[in-house]
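Novice: no sequence for this one, just the structure:
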Ligand code: ATP
Ligand code: MG
């Protein structure tokens, strides 16, 4: 039995309008479709439909991180002041997006905006030998950031889901090798999520002891960043590092660069020994000598990625989910009050479901065909399957991909073949 569902049982309803204070396309479409609920600016709940997509995105990320040898854990959102003071990031003057809270005894705690310090501190109890390295750890966890402006829907949350991964290696060389592997794994994630063709590995500032960090920037007018792209060389750089010196080093001419608005869906850094040394996280090598541990940090904004998919893959009617992250594979619509239609639609629902296909079955009564079609376009499920008096007459079902203008009539057997081959 797969996770199919009758739309009559779905507690969320589609809406004609998003909240008037919502200016971003991603949140507008996701709220109207009933994927998310806006609690306040930058703070959103994930409703059953939205959670299904979010979990699929998470799982793609999880598979690709596991594939490169990383292990998953979850750290706490509540964090100790002392841990953050070590490298000087507790101060509100240094980090301006802190949310802080208090215990009953007035001890101040931070709500984690990232986890570098906490993880390094934790590892001091577990790592001390060359045999413990390398170590790659990641989590998919809620972050808190008191962002000044939060007008980009789920792309800039004050509470949001991030995948953060950290690598710990014996030397710079091993860090460099893993870092390059992460670049490839990240591109796989974005390709599997349907936005690979628009996403550039982009040179950016930072990286403590290396000169650059890399951002994964997806071209979109909704982006808050600007990058410069040299298409023929597949080189992109963030405008924040656009200097003559950098251009010379990357071997690109200013005149060959095209400016584009973009969304930062991921960011990777070589932190080297910035965190490990201050926390006394060292290892003993084969000769018993004390050595520094080299660290890397690798983020993906999971909920931002979901918002980016909506920004990039949608039209004036609604969302166009790629199959890989769609909440359901099939949107089955029963049209009209005809009992024969109802019986046939239920049969199709069972057949697809028994074949492990995830179906959302619009079995709601009293809605016009036009209303059901509009809802279907808004929800953006990749394949629409219609059972109506007309399709019955033609001995089949009418199928139409969300990306297609016109549908066609096929038998249920043919539909099954089509769906099984594409999954
Ligand atoms: P930005 O410049 O957009 O504020 P950042 O440099 O602060 O991002 P990191 O600290 O590197 O971001 O976090 C890793 C990833 O988490 C980012 O690449 C982005 O995809 C995501 N992210 C960062 N801030 C937010 C936010 N407020 N809401 C949703 N996702 C975010
Ligand atoms: Mg930020």
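Specialist: Yep, that arrived. Everything numeric in this text was worked out from a predicted model, so none of it was measured. Ligands and ions are numbered 1, 2, ... in the order given.

Novice: Return the set of buried residues in stretch 178-185.
Specialist: Of the residues in stretch 178-185, 178, 179, 182, 183, 185 count as buried by neighbour count, 16 or more other Cβ atoms under 10 Å. C-betas here are computed from N, CA, C, even on glycine.

Novice: Quick one: distance of the helix or strand residue 161 falls within to the chain centre.
Specialist: Counting by DSSP states H and E, the element that carries residue 161 is strand 159-169. On the basis of Cα atoms, centre = their mean, to the nearest Å, strand 159-169 sits 13 Å off its chain's mean C-alpha point.

Novice: again with stretch 408-423
Specialist: Per Cα atoms, centre = their mean, the centroid offset for stretch 408-423 relative to its chain is 29 Å.

Novice: Tell me which residues of stretch 191-198 come out buried.
Specialist: Across stretch 191-198, burial judged by 16+ other Cβ under 10 Å covers 192, 193, 194, 195, 198.

Novice: can I get those in JSON lines with pLDDT, distance to residue 389 and secondary structure?
Specialist: Compiled in JSON lines, these are given as follows (pLDDT from 0 to 100; distance: Cβ to Cβ, whole Å; DSSP: H, G, I helix; E, B strand; the rest coil):
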{"residue": "192", "pLDDT": "98", "distance to residue 389": "40", "secondary structure": "helix"}
{"residue": "193", "pLDDT": "98", "distance to residue 389": "39", "secondary structure": "coil"}
{"residue": "194", "pLDDT": "98", "distance to residue 389": "35", "secondary structure": "coil"}
{"residue": "195", "pLDDT": "98", "distance to residue 389": "40", "secondary structure": "coil"}
{"residue": "198", "pLDDT": "97", "distance to residue 389": "42", "secondary structure": "helix"}
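
Novice: rewinding a little: please tabulate the buried residues of stretch 178-185 in JSON lines and include distance to ligand 1 and pLDDT as additional columns.
Specialist: JSON lines is the format used below for these (distance: Cβ to the nearest ligand atom, whole Å; pLDDT from 0 to 100):
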{"residue": "178", "distance to ligand 1": "18", "pLDDT": "98"}
{"residue": "179", "distance to ligand 1": "15", "pLDDT": "98"}
{"residue": "182", "distance to ligand 1": "13", "pLDDT": "98"}
{"residue": "183", "distance to ligand 1": "14", "pLDDT": "98"}
{"residue": "185", "distance to ligand 1": "15", "pLDDT": "98"}
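
Novice: So which bits of the stretch 151-300 of the chain are right by ligand 1?
Specialist: Within reach of ligand 1 by Cβ under 6 Å from any ligand atom, the stretch 151-300 of the chain has these residues: 156, 157, 160, 162, 264, 265, 266, 267, 299.
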